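**Q** any chance you can model this:
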Amino acid sequence: MRKVVVVGLGKSGIDSARLLSSDKNTVFITEFKNDKAVQDARDLLIAEGVVKSEDIELGGHTDKFIKTADLMVVSPGVRRDAEPIKLAEARKVPVISELELAYIMCHAPIIAVTGTSGKTTTTTLIGQMLRSGGFDAIMCGNIGNPFSGEIKKIKKDSVVVLEVSSFQLELIDRFKPKVSVILNISDNHLDRHKDMNEYITAKCRIFLNQDKNDVVFLNKNDELLSEIAGAIKNPKVEFFNEYKDFGRKYNILNEDFLAAMSAASIMGVDEAKMLEVLRNFKGIEHRLEHVANVGGIDFVNDSKATTISSVGWALKSLEENIVLIMGGRYKGGDFGLLKPLVEQKVDYIISIGEARLQIKNGLNGVKPIFEANSFSEAVSEGFKKAKKGGRVLLSPGCSSFDMFKSYEERGKIFKELVNEIRKSK
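**A** So this is what the prediction gives:
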């Protein structure tokens, strides 16, 4: 029986603590925050018998649990240079991610998907394609339900389809998927990673432990990934843009679709079943989600677009006459990279949140920019400025944490504000 410290009391921390407790470990929890959500989570875990009240600390980190710990498990939201990790490393306590913890207890093959954008769509499609082919596919990870929370559902003949972020990959040790996918790499999370090289290195850890019997699918059209491919000795490298010539054969340009087909195909799913999944795919909530048409104007919720490259993908996917609502907490990157698409597709930009200055610096002079003082003002102004037959697009290119708890809350409130406009007309 080990003594394990869990850092963080969000979804991943809660599920890690439950999993560790069910495996007869003694669990300790340390959490920097001390708000109602954290207190509710604490009370729930105590009521479930996962942890004792004296074995949880909120509102800051000390070394009282770490002094006697055998292991530390870190949630993805915890920075690599956070105080508890420093304390653990100073005492030579092994530190792993929630991803690594779940992997150790998983006995099923894993398809792992990462990239700057498109992860959730691709993960969802792979899971749906596998299910259509008769597999027991378990979709989890960064998609919303932590890997550690699904372990009890996973059987040896299941296939785990896992969305993984750079944060989760930083602290892996043995994590080894059967199939890995890197969709693309562009500027992201530079508020956390010290530079682009560190971010790229974290992403590439997805295939760190794969061997010659495993496969990594890369994007041939991504300059960085095309360069990286040449240096990979193991695992086997395939380009999903070219795999089995799916793109030309079925006239498919969407890279997320091609990546999903490639991963599902290598597991043995029939092409006809994969194409049926694509035909019936209605997208995912908060990702280019059509909310409503009000007075001839479409409202599109792309709240999950927390990177600049994701905004670019949204603009490529929609027709012109767009009023673009952007902003939130800046994660790094150059908004100026969007200039060609903004010039071509956007009539008007509305900036919100902490990143208003970066947006202005990157896109000033390309199209008019209105700095909204609130989210409701942004949506209202968007409706006023939109042309009939055009669209108001929420595609922030930033995290939500300056104004909201999550991108889901941001998208939900956007839909509520749109509904209020619709009712008033």
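
**Q** contacts and neighbour counts: CA atoms only from here.
**A** Fine.

**Q** what about the protein, any weak spots by pLDDT?
**A** 187-195 (pLDDT under 70).

**Q** what about the longest helix in it?
**A** Ranked by residue count and defined by DSSP state H, the top helix of the chain is helix 407-424.

**Q** roughly how far is that one from the heart of the chain?
**A** Relative to its chain's centre, helix 407-424 lies at 22 Å (CA atoms, centre = their mean, to the nearest Å).

**Q** who touches it?
**A** The contact list for helix 407-424 (CA atoms under 8 Å, 6 or more residues apart in numbering) reads 286, 291-292, 294, 299, 301-304, 376, 379-380, 394, 399-400, 404.

**Q** ranking by neighbours, what's the top pick from the residues you listed?
**A** residue 394 (32 neighbours; other CA atoms under 10 Å).

**Q** what about that residue, distance to residue 334?
**A** 18 Å (CA to CA, to the nearest Å).

**Q** and if you look at residue 311?
**A** Taking CA to CA, one finds residue 311 at 12 Å from residue 334.

**Q** the more surrounded of the two?
**A** residue 311 (28 against 16).

**Q** most centrally placed residue in the chain?
**A** Relative to the mean C-alpha position of the chain, the nearest C-alpha, by CA atoms, centre = their mean, is the one of residue 142, at 5.1 Å.

**Q** helices - which of the contacts of helix 407-424 land there?
**A** Secondary structure from DSSP H places 376, 379-380 of these in helices.

**Q** and of those, the nearest to residue 218?
**A** residue 379 (37.6 Å; CA to CA).

**Q** pull the contacting residues for that closest one.
**A** Residue 379 neighbours (CA under 8 Å, 6+ apart): 325, 414, 417-418.

**Q** please apply the same query to residue 173.
**A** 96, 100.

**Q** residue 392 against residue 297, yeah?
**A** Yes. Here residue 392 reaches residue 297: they are 7.2 Å apart, a contact under CA atoms under 8 Å.

**Q** shared neighbours of these two, anything?
**A** By CA under 8 Å, 6+ apart, the residues touching both residue 392 and residue 297 are 383, 386.

**Q** okay, the two: which has more neighbours?
**A** residue 392 (28 against 18).

**Q** on the three-state scheme, the more buried one is what?
**A** strand (DSSP: H, G, I helix; E, B strand; the rest coil).

**Q** now the one 4 residues further on
**A** Assigned by three-state DSSP, the conformation of residue 396 is coil.

**Q** for it, phi and psi?
**A** Residue 396 adopts backbone torsions of phi -70, psi -30, taken as degrees, to the nearest 10.

**Q** and the helix or strand hosting residue 201, which residues are buried?
**A** Element membership for residue 201, per DSSP states H and E: helix 196-204. Neighbour counts over helix 196-204 (16 or more other CA atoms under 10 Å) mark 196, 199-200, 202-204 as buried.

**Q** quick check: residue 96 touching residue 73?
**A** Yes. At 5.1 Å, residue 96 counts as touching residue 73 under the criterion of CA under 8 Å.

**Q** which one's more surrounded, the two?
**A** Shown here are residue 96 and residue 73; by other CA under 10 Å, residue 73 has more neighbours (26 against 21).

**Q** now do the strand or helix carrying the more buried one: everything it contacts.
**A** Using DSSP H and E, the secondary-structure element containing residue 73 is strand 71-74. Residues from elsewhere that reach strand 71-74 (CA under 8 Å, 6+ apart): 2-8, 13, 16, 88, 93-98, 101.

**Q** and for stretch 355-374?
**A** By CA under 8 Å, 6+ apart, stretch 355-374 touches 326-330, 334-339, 342-343, 346-353, 378, 398.

**Q** neighbours of the closest residue to residue 8 other than its chain neighbours, just the number please.
**A** Closest residue in space to residue 8, ignoring its immediate chain neighbours: residue 31 at 4.9 Å, by CA to CA, 6 or more residues apart in numbering. Neighbour count for residue 31, taken as other CA under 10 Å: 22.

**Q** Serialize the ones in helices among the contacts of helix 407-424 to JSON lines and add fields for distance to residue 209.
**A** Below are the ones in helices among the contacts of helix 407-424 laid out as JSON lines (distance: CA to CA, whole Å):
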{"residue": "376", "distance to residue 209": "47"}
{"residue": "379", "distance to residue 209": "46"}
{"residue": "380", "distance to residue 209": "50"}
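
**Q** count the residues that sit near residue 125.
**A** 26.
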